[in-house]
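In: fold the stuff below for me.
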Amino acid sequence: MRIRGIGRLQRIARRVTNLVVPRAIILLYHRITELPSDPQLLCVTPQHFRQHLEVLCKKGYPLSLQQIAQSLRDGKSLLRSVVVTFDDGYADNLYNARPLLKRYDVPATVFVTAGYVGSDREFWYDDLERIFLSPGRLPEVLRLSVEGKPYQWELGPADDYDNETYRSCRGWNVSRKENPTMRHLLYRSISEILRPLPDARRQNILDYLRQWAGVNTIQRPTHRTLSADELVRLANGGLIEIGAHTVSHPVLAAMPLDLQKEEISHSKTRLEKILGRRVSSFAYPFGGRSHYTDETVAAVREFGFESACSSFAGTVCRGTDRWQLPRFLVRDWDGEQFGRYFEGWING
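Out: Below is the predicted model of the structure:
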C-alpha cells in the first residue's frame with residue numbers, strides 16, 4: 001500500500017538532515033589545460049578552473065585533505081568544507097593549476113602515479129588516443145591477441161582519417177553512446193580490454209599497437225607527466241600535498257593481494273625518496289567500488305596512510321571511512337554550471 005505524501009515527507013526529511021548534519025565534499029580533477037581532443041574528459045581549462053576556485057571561496061571553506069582527515073579523527077565540524085584533489089600527476093598541475101591555487105590560497109592534494117614520474121611514457125589511455133584518434137592513415141585490419149583471446153577489427157573507410165574528419169569528431173568523448181567512426185569504436189573497445197591488465201602486459205600491447213600504427217614513442221609535451229624536480233617544486237611551499245596513486249595505475253582489484261601491496265607500498269616509498277618527506281594520503285586508481293577490495297583498503301592502512309580517496313560520488317560527514325573517502329568528479333564546466341553542481345553536492 002502506498003501512503004499519500006510519503007515522497008514529500010522523505011524530501012523534507014532529507015532537507016532537514018542536510019541542514020543539521022555538517023558535511024564536506026572532495027573534488028576530483030585530473031588536468032588543467034585545453035587540448036583539441038579529450039576523449040576521457042580529463043581536462044578543465046585554466047579559465048574554468050579559475051572560476052571554480054572563485055565559487056569555492058565564495059560558497060565554501062577550502063581545506064586540505066589532511067585537515068579533513070584530522071577533523072574526521074577528532075569529530076570536528078565539516079560544515080561546507082571543500083577539498084581539491086588531482087589524480088595522476090600531469091605536468092600541467094604544476095604550470096597551470098598551482099599558480100591559480102596560490103592566487104586563491106586554496107590547498108590541494110595531487111595523487112601521483114609514482115612509476116610515471118620522470119618517465120618518457122604517456123598514460124596508456126593517452127597513447128590510445130594518439131594511436132587511433134589522430135589524423136593519418138592506419139592499416140585496414142587490426143589483429144590482436146590478449147590473454148589468449150583473438151580479436152580482429154576491420155577499419156573500413158576509417159583507415160584514412162583526414163583532418164576534416166578529425167576536426168568534426170574531436171569533441172567526441174567516452175560518455176557518448178555513439179561512435180562516429182570505427183576508430184572511435186576501437187578506442188573504446190581497446191580501452192576496456194587494457195584497463196584490467198597488468199602494466200607489463202598492457203605496455204607490450206601498446207608497443208605492438210604503436211608499431212602497427214607507425215606512431216613514435218616520444219612523449220608529447222602536451223601529455224607529459226611531472227619530472228622528479230617538478231614534483232619537488234609542486235610540493236614546495238606547503239599549499240600542495242603529494243599523495244600516492246600506485247606505481248603503474250592498475251585496477252587493484254584485478255591483481256593478487258601481494259602485487260597490490262607492492263603497488264601501494266612502492267608508490268609511497270618512491271615518492272618519499274624524491275620528496276624527502278612523509279606521504280600520508282592515497283587514492284585508488286579508477287576508484288570505483290569495483291576497482292579495489294576490502295583487502296586493498298586493509299593494505300593501504302597497513303602501510304601507514306592516514307586517508308585514502310575513492311572516486312564514487314558522495315559527501316563526507318562524521319563517521320565517513322577515512323580510507324574510502326568519496327569524491328565528486330569535476331568536468332570542464334564554466335563557473336555558473338559548476339556553482340549549481342557545487343550547491344547540489346554540498347547540500348546533499
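
In: show the pLDDT at the closest residue to residue 314 other than its chain neighbours.
Out: Nearest residue to residue 314 in three dimensions, chain neighbours excluded: residue 326, at 3.2 Å (Cβ to Cβ, 6 or more residues apart in numbering). Any C-beta I mention is one placed from the backbone N, CA and C, and that applies to glycine too. Confidence at residue 326, expressed as pLDDT, is 98.

In: neighbours of residue 326, just the number please.
Out: 18 (other Cβ atoms under 10 Å).

In: one more: the one 4 residues further on?
Out: Residue 330 sits with 20 neighbouring residues when counted by other Cβ under 10 Å.

In: distance check, it against residue 270.
Out: From residue 330 across to residue 270, the span is 27 Å (Cβ to Cβ, to the nearest Å).

In: for the stretch 1-150 of the chain, just list every one of the strands.
Out: Secondary structure of the stretch 1-150 of the chain (DSSP state E, counting those that start in this stretch): strands at 23-29, 31-32, 43-44, 61-62, 81-88, 108-112, 136-137, 141-146, 149-154.

In: leaving out chain neighbours, which residue sits closest to the most centrally placed residue in the chain?
Out: Closest residue to the average C-alpha location of the chain: residue 87 at 4.4 Å, with Cα atoms, centre = their mean. Leaving aside its chain neighbours, residue 87 sits nearest to residue 111 (5.0 Å; criterion: Cβ to Cβ, 6+ apart).

In: that neighbour: what's it in contact with?
Out: 85-89, 242-245, 281-283, 309 (Cβ atoms under 8 Å, 6 or more residues apart in numbering).

In: nearest to residue 140 among these?
Out: residue 88 (34.1 Å; Cβ to Cβ).

In: that closest one bridge partners, please.
Out: In this entry, residue 88 is beta-bridged to residue 112, by DSSP bridges.

In: what about it, neighbour count?
Out: Close neighbours of residue 88, defined as other Cβ under 10 Å, add up to 22.

In: doesn't residue 115 make contact with it?
Out: No. Residue 88 is beyond contact range of residue 115, at 11.4 Å (criterion: Cβ atoms under 8 Å).

In: now do the shared contacts for those two.
Out: residue 249.

In: what residues are up against the closest residue in space to residue 104 that isn't next to it in sequence?
Out: In space, and not counting its chain neighbours, residue 104 is closest to residue 53: 4.3 Å by Cβ to Cβ, 6+ apart. Taking Cβ under 8 Å, 6+ apart as the criterion, residue 53 is in contact with 100, 101, 103, 104, 106.

In: related to what we said a few turns ago, give the contact list for the residue nearest to residue 314.
Out: Neighbours of residue 326 in contact, by Cβ under 8 Å, 6+ apart: 26, 310, 312, 313, 314, 315, 316, 320.

In: any weak-confidence spans in this protein?
Out: Residues of the chain meeting the criterion pLDDT under 70: 1-21.

In: which stretches in it count as helices?
Out: 6-20, 46-59, 65-74, 92, 98-104, 124-132, 163-169, 182-194, 199-213, 228-235, 257-275, 294-302, 335-346 (DSSP state H).

In: need the ones you listed in TSV (columns: distance to residue 33).
Out: Listed next are those as TSV, based on distance: least, Cβ to Cβ, whole Å:
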stretch	distance to residue 33
helix 6-20	35
helix 46-59	7
helix 65-74	23
helix 92	4
helix 98-104	12
helix 124-132	12
helix 163-169	19
helix 182-194	20
helix 199-213	23
helix 228-235	15
helix 257-275	23
helix 294-302	30
helix 335-346	17
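
In: quick check: which of those helices is nearest to residue 146?
Out: Closest to residue 146 of the helices of the chain is helix 182-194 (Cβ to Cβ; 5.5 Å).

In: helices and strands around the closest one, which ones?
Out: In this structure, helix 182-194 packs against helix 124-132, strand 141-146, strand 149-154, helix 199-213, with contacts taken as 3 or more Cβ pairs under 8 Å, 6 or more residues apart in numbering; DSSP states H and E.

In: highest mean neighbour count out of those?
Out: Per residue and on average, the most neighbours among the helices and strands packed on helix 182-194 fall to helix 124-132, with a mean of 21 (mean count of other Cβ atoms under 10 Å).

In: just the C-alphas of it, formatted as CSV.
Out: The C-alpha trace of helix 124-132 is given here as CSV (Å, rounded to 0.1, in the frame of the first residue of the first chain):
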residue,chain,number,x,y,z
TRP,A,124,48.1,4.2,-21.7
TYR,A,125,44.7,5.9,-22.4
ASP,A,126,46.6,8.9,-23.9
ASP,A,127,48.7,6.5,-26.0
LEU,A,128,45.4,5.0,-27.4
GLU,A,129,44.1,8.5,-28.2
ARG,A,130,47.3,9.2,-30.2
ILE,A,131,47.2,5.9,-32.0
PHE,A,132,43.5,5.8,-33.0
